[in-house]
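A.B. asks: Provide a 3D model corresponding to the input given below.
(one chain, ligands or ions: 1)
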Amino acid sequence: MPPLLALMRELFTLAPLPAHAGFWAVVLFMFGACIGSFLNVCIYRLPRGLSLSNPRRSFCFTCKTPIAWYDNLPLVSYLWLGGRCRHCETPYSMRYFWVELATGLLFAAGLFLFGADLVPLCVYLALASSLTVVFLIDVDRQIIPDSISLGGLAAGLLFSCVAWLVPLSPRLPVQHPGEALLGAAVGYGVLWIVRWAGTLLFRKEAMGLGDLKLLAMLGSWIGWESALYTVVLSAFLGSVVGIAGKLVALARKQGYGALTEVPYGPYLSLAGLFAFIYSDALHRFFTMVILREGVA
Ligand SMILES: [Zn+2]
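C.D. replies: Numbering: from 1, shown residues only. Just a heads-up that it's a prediction; the model follows:
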């Protein structure tokens, strides 16, 4: 088999599953849906500078009635109440439901990606949750909260110290504080160069500083090589979506200018999570491509 094909096959091979995998997948899905409910709160409150813990209970934006626990069950309540407030019947955005569902699915997917390898699984769950919040806040408001990027960077540096002192799992891409620091520096540095060149070329700010901080955070968890792969992957993803968007805009005769102001954070988030899951395979793929190793 050609090495590239063998690699692709390995890339999408799932982790060996623990006993009662179906049961655990359902547990993870339900846990994820609950976390998704909390992520919805973060997505709304973080960019508005509101406290995550106060008020503890969510309330209806229209009639200000606090939402009872039985009306706040992830997924179920939305369907049960038809996506409306029980009191004033204001319709809520369908997105609350989709975020809970997506988080549930992401969590359940973790079991198939990492099996019973608990430490990388937990890191994956934390990254997937944070990046979901970054993704949607950036789509909404074109900002990435420092609390997630810089907070996640601090957590990444701290975690690398733990991984260095206590061997946790060979599947973690970063095993040493030096690797975490280098990952953060390369992540920040490479986007700094891209931003500098872009600003020079287009004579306007090509990228927000939030994107630089986000890739610094990701770099502390995935290492410097994967931080570079994340840039390549996100640029590729962004181009595909951008070109598709332009074609759709052209087809609808909205003109060429529509859909150009797209934030970069969502692509970085997707690519970064992918790079964490498949760091080994990506590394071998890129060494094959760059060094032409084993291609002949
Ligand atoms: Zn209401």
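A.B. asks: buried residues in stretch 122-134, which are they?
C.D. replies: Of all the residues in stretch 122-134, those buried under the rule 16 or more other C-beta atoms under 10 Å are Val123, Tyr124, Leu125, Leu127, Ala128, Ser129, Ser130, Leu131, Thr132, Val133, Val134. In short, each C-beta sits where N, CA and C put it, glycine included.
A.B. asks: before we move on, what about stretch 142-161?
C.D. replies: Within stretch 142-161, the residues that qualify as buried are 143-146, 148-149, 152-153, 155-157, 159-160, counting by 16+ other C-beta under 10 Å.
A.B. asks: what ranges does the stretch 101-250 of the chain have for its helices?
C.D. replies: Applying DSSP state H, counting those that start in this stretch to the stretch 101-250 of the chain gives helices spanning 118-141, 146-165, 177-202, 209-251.
A.B. asks: could these go into JSON lines alongside mean pLDDT?
C.D. replies: Listed next are the helices of the stretch 101-250 of the chain as JSON lines, based on pLDDT from 0 to 100:
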{"stretch": "helix 118-141", "mean pLDDT": "96"}
{"stretch": "helix 146-165", "mean pLDDT": "97"}
{"stretch": "helix 177-202", "mean pLDDT": "95"}
{"stretch": "helix 209-251", "mean pLDDT": "93"}
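A.B. asks: okay if I get the ones you listed as JSON lines plus distance to Leu28?
C.D. replies: Rendered in JSON lines, the data for the helices of the stretch 101-250 of the chain read as follows (distance: least, C-beta to C-beta, whole Å):
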{"stretch": "helix 118-141", "distance to Leu28": "8"}
{"stretch": "helix 146-165", "distance to Leu28": "21"}
{"stretch": "helix 177-202", "distance to Leu28": "27"}
{"stretch": "helix 209-251", "distance to Leu28": "20"}
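A.B. asks: just to revisit the earlier point, out of the buried residues of stretch 122-134, who's nearest the ion?
C.D. replies: Nearest to the ion among those is Val133, at 24.5 Å by C-beta to the ion.
A.B. asks: mind checking how far the closest residue in space to the closest one that isn't next to it in sequence is from Tyr188?
C.D. replies: Computed as C-beta to C-beta, 6 or more residues apart in numbering, the closest residue to Val133 that is not its neighbour in sequence is Cys42, at 4.9 Å. Noted for Cys42: a distance of 24 Å to Tyr188, by C-beta to C-beta, to the nearest Å.
A.B. asks: so between these two, which is more surrounded?
C.D. replies: The residue with more neighbours, out of Cys42 and Tyr188, is Cys42; 23 against 20, by other C-beta atoms under 10 Å.
A.B. asks: which helix or strand contains that one?
C.D. replies: Assigned by DSSP states H and E, Cys42 belongs to helix 21-45.
A.B. asks: name the residues of that helix that are buried.
C.D. replies: By 16+ other C-beta under 10 Å, the buried positions in helix 21-45 come out as 24-25, 28-29, 31-40, 42-45.
A.B. asks: tell me how far the residue nearest the centre of the chain lies from Arg86.
C.D. replies: When C-alpha atoms, centre = their mean is applied to the chain, the residue found nearest the centroid is Leu131 (2.9 Å). Look at Leu131 and Arg86: by C-beta to C-beta, they are 32 Å apart.
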